[in-house]
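>>> can't give you the sequence, but here's the structure:
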């Protein structure tokens, strides 16, 4: 069970051009309430060819928690689209932060990007779903993330 927020998502000619998605995932929830604090969570931020700033770093996903796990109507930080800048970084990066006791993330944080010798590929882009595959050569591992609206 989980939730996600799409900051940016663009498909052109059947290919994913860019995406910026924040997510939270809970294993074996005791209830259908994702806001329940007692369950460990996997929080993360995916940026694929995106200029939207990452919501996580290696130590914290505070922005993701504020956006997806608060009872308030927290709005995502506004970004100035179309503003020229000498230093625009286009990210292809997945950062996850697993809370202690989370089954899937094992209580670890991950930074998966070209900087950590990982290749991120988008698959099955449609208007209501997308998947991301990650191959990491220095970890000798591969992972996948899939998002679909109900």
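Nice, I can see it. The structure presented is a predicted model; accordingly, all values stated were derived computationally and were not measured.
>>> would you enumerate the residues in contact with the spatially most central residue of the chain?
Closest to where the C-alpha atoms of the chain average out (Cα atoms, centre = their mean) is residue 45, at 2.6 Å. For residue 45, the contacting residues are 21-23, 54-56, 61, 63-64, 93-96, by Cβ atoms under 8 Å, 6 or more residues apart in numbering. (Glycine included, C-beta is placed from N, CA and C.)
>>> pull the helix or strand with minimum mean pLDDT from the chain.
When each helix and strand of the chain is scored by mean pLDDT, DSSP states H and E, strand 141-148 comes last, with a mean of 75.
>>> so what strands line up beside that strand?
The strands beside strand 141-148 in its sheet (DSSP bridges) come out as strand 129-136 (antiparallel).
>>> can you count the residues close to the nearest residue to residue 44 once chain neighbours are set aside?
The spatially closest residue to residue 44, leaving aside those adjacent along the chain, is residue 96, at 3.9 Å (Cβ to Cβ, 6 or more residues apart in numbering). Neighbourhood size, residue 96 [other Cβ atoms under 10 Å]: 25.
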